[in-house]
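K.L.:
quick one: sequence plus predicted model below, questions after.
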Amino acid sequence: MTGSGQSHQTPYEIPSAKRSARMMEILGVVGTRGEVALSELATMLGASAATIRRDVSTLAEQHLVTRTHGGVRSLEMDSELPIRLRDARNRAAKRAIGAAAAAQLPTGRHAIALTGGSTTIEVLRALQHRRDLTVLTNSLSIGLQAAEQGKSRVLIAGGVLRPNSQELVGSLAENTFRQVNVGTVIVGCDGVSADGGLTTHDDVEARTNQVMIAKSQRLIVVADGSKVGRVMLARLADAHEIDVLVTDCSADDTEVRRLRALGVDVVVVNPQAPAGGHGKPGR
């Protein structure tokens, strides 16, 4: 049945790449300035006032900004971005990281576990030619894509859905992972540092991921350079537990050296390098 012809985005619909990029620009401006008028945002971004109002309303509904009279203000907390917005950030770096992380896996039959995230899904995309992998995950988007790729076996753990990350968490998911053993776990994060270790926004998600890590033989962390040196609320693992960190050349050099000193094999990729060139490997 048709209505007025207007379409309204629900909190779970995926925005277009153009709209995602524009909302990321809004978050960047508001994060830098603290508060900005909607009319000024419209001028800066070359968009109509109505478009900016819709974008800001969507961001406010997701508790990423606060609407004010005629403007928008940043929140005083470090909010977690929904995964559909994270997909628009640092895309070239995440693709390069995904390819380099995929190259770390052994040939032949192998069981891997993947957490949710916009970088871990790039790892899976780089593995689309591998039909000999068993994939375990608590991410709906990763599980569905692994099934579409025709992976040998796909196991999606049950649990309580976190809309921002599209991950299933809690005791049900944890109990599933306790029953299995995997060769490699590939983990995305919101922060990784020598002092803080591997961290994320949500403590329930962290507990689920801790079980995944504990049941694996090898831990590969994938994180673009903006995450290196950051420490968030909930810890997934200590830095010395990380076998391999794959990041990009925007990562802080001092923090990379500190992680290597702890025994972490840090692979640094250059997103601008020709295909097949993954940057600076190893220690």
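P.N.:
Structure's in. What do you need?
K.L.:
residue nearest the centroid of the chain?
P.N.:
Using C-alpha atoms, centre = their mean, the residue of the chain that lies closest to the mean C-alpha position is G117, 3.2 Å off.
K.L.:
grab the nearest non-local neighbour of that one.
P.N.:
Of all residues not flanking G117 in the chain, G188 sits nearest, at 3.0 Å (C-beta to C-beta, 6 or more residues apart in numbering). C-beta: built from backbone N, CA, C; applies to glycine.
K.L.:
if we can go back for a sec, pretty sure the residue nearest to the centre of the chain sits against T200.
P.N.:
No - look at G117 against T200 with C-beta atoms under 8 Å: they stay out of range, at 9.4 Å.
K.L.:
any common contacting residues for those two?
P.N.:
Counting by C-beta atoms under 8 Å, 6 or more residues apart in numbering, the shared contacts of G117 and T200 are C189.
K.L.:
A strand includes L136, no?
P.N.:
Yes - looking at L136 with DSSP: H, G, I helix; E, B strand; the rest coil, it is inside a strand.
K.L.:
ok, now which ones touch the residue nearest to E255 when sequence neighbours are not counted?
P.N.:
Leaving aside its sequence neighbours, E255 sits nearest to G229 (C-beta to C-beta, 6+ apart; 4.2 Å). Neighbouring residues of G229 by C-beta under 8 Å, 6+ apart: G191, V192, S193, A251, D252, E255.
K.L.:
and the fifth one, how far is that from G28?
P.N.:
Yep, that's D252 we're talking about. Applying C-beta to C-beta, to the nearest Å, the value for D252 to G28 is 19 Å.
K.L.:
do the first one as well
P.N.:
For G191, the distance to G28 equals 19 Å [C-beta to C-beta].
K.L.:
looking at the two, which is more packed in?
P.N.:
G191 (23 against 11; other C-beta atoms under 10 Å).
K.L.:
just say helix, strand or coil for the closest residue to that one other than its chain neighbours.
P.N.:
Closest residue in space to G191, ignoring its immediate chain neighbours: R230 at 3.4 Å, by C-beta to C-beta, 6+ apart. Under three-state DSSP, R230 falls in the coil class.
K.L.:
so what pLDDT did R230 get?
P.N.:
Note on R230: pLDDT of 91.
K.L.:
quick one: contacts for it?
P.N.:
Per C-beta under 8 Å, 6+ apart, neighbours of R230: D190, G191, V192, S193, G196, T199.
K.L.:
tell me the one among those residues nearest to Q217.
P.N.:
Distances from Q217 to the contacts of R230, taken as C-beta to C-beta, are shortest for V192 (20.0 Å).
K.L.:
doesn't G98 make contact with V222?
P.N.:
Yes - using C-beta under 8 Å, V222 is in contact with G98, at 7.0 Å.
K.L.:
mind checking which of those two has more residues around it?
P.N.:
The residue with more neighbours, out of V222 and G98, is V222; 31 against 24, by other C-beta under 10 Å.
K.L.:
any idea what the more buried one is bridged to?
P.N.:
Counting by DSSP bridges, V222 forms beta bridges with G188, V246.
K.L.:
so who does the residue lying closest to I142 once chain neighbours are set aside touch?
P.N.:
Leaving out its chain neighbours, the residue that sits closest to I142 by C-beta to C-beta, 6+ apart is L114, at 5.3 Å. Residues in contact with L114, defined by C-beta under 8 Å, 6+ apart, are T120, V123, L124, V135, L136, T137, S139, I142, V185, I186, V187.
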